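Engineer: Pasting a predicted model and its sequence here:
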Amino acid sequence: MVKIKKSEIICIIPARGGSKGLKRKNLQKVHNKKLIQYPIEYALKSKLVGTILVSTDDRNIANIAKKAGALVPFLRPKNISGDFTTTEETLKHALLTYENLTKKKFKICIFLTCTDIFRQKEWMKKGILILKKNRKIDSVFVGNKTHKNFWERTKKSGWKRLKNRMKTYSSRQVRDYIIREDTGLFCASRAELWRKGRRIGDKVEVILNDDTFSGIDIHNLKDLRLANLAMKIFNEKK
């Protein structure tokens, strides 16, 4: 097992102020709690993360994040706060900037979003443990398990199945499944990947998940209403 201290693990939560589908999205409430609070509380409750950092360009979000228990040592610059800024750019900037400020070097980086809020408490422990046990693994993330068929458009404007085996229809109980990458729910990667501008590496382990609630990703008003209704049931399951 690789020895990695809690102080060498950082969780970075992107939360910019602008959003088109749902205005001030990260400050919207689900079950009387702002979206920005959900990933912060998840990381805090795990007691496995040494640093919880929110990357935002918005002072209001920054203040709320600090009150919730996160660090916001700097505001994100405008040039990486737009609609087309990638998650990879955001994570790289936050990690490198904080490492330069503190003269620290982290070993494991955790990525959580504000719009995916239906998480299982064991994911954090499981993901970090996998990286500690196997140095060959680059990243661990949550993946939604599905038996459904998928199609993609070809260059000739036609459609084809994603996998040839999907031509054969059979019982769900015996069919092979595929995985939808849900890194916003939980993702842990080696810090060197983020420094290179990569969210996940090529050698990965997937935490299988088939919980219906975790498919709710909040980006518009309907998503928000659905999340509020679902949270009542989700809390009953705990």
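Structural biologist: On my side now, so go ahead. Residues are numbered from 1 along each chain as shown.
Engineer: in the protein, what spans have low per-residue confidence?
Structural biologist: Filtered on pLDDT under 70, the chain yields the residue ranges 237-238.
Engineer: In contact with the most centrally placed residue in it, which residues?
Structural biologist: For the chain, the residue nearest the mean C-alpha position is Gly184 (2.1 Å; C-alpha atoms, centre = their mean). Going by C-beta atoms under 8 Å, 6 or more residues apart in numbering, Gly184 touches 111-113, 115-116, 217. Backbone N, C-alpha and C define where each C-beta goes, glycine included.
Engineer: Could you rerun that using 7 Å?
Structural biologist: Gly184 makes contacts with 113, 115-116, 217, as judged by C-beta atoms under 7 Å, 6 or more residues apart in numbering.
Engineer: Have a look at this protein and report its longest strand.
Structural biologist: strand 139-146 (DSSP state E).
Engineer: From the contact counts, what lies against that strand?
Structural biologist: helix 122-133, strand 178-181, strand 187-190, strand 204-209 (3 or more C-beta pairs under 7 Å, 6 or more residues apart in numbering; DSSP states H and E).
Engineer: Could you pull up phi and psi at the residue sitting furthest away from the middle of the chain?
Structural biologist: Distance from the C-alpha centroid of the chain, by C-alpha atoms, centre = their mean, peaks at Lys156 (34.5 Å). Phi and psi for Lys156, reported as degrees, to the nearest 10, are phi -90, psi 10.
Engineer: any idea how far it lies from Val72?
Structural biologist: 49 Å (C-beta to C-beta, to the nearest Å).
Engineer: Ile110 in helix, strand or coil?
Structural biologist: strand (DSSP: H, G, I helix; E, B strand; the rest coil).
Engineer: Tell me which residues touch Ala188, please.
Structural biologist: 108, 110, 127-128, 131, 139-140.
Engineer: rerun at 6 Å
Structural biologist: 108, 110, 127-128, 131, 140 (C-beta atoms under 6 Å, 6 or more residues apart in numbering).
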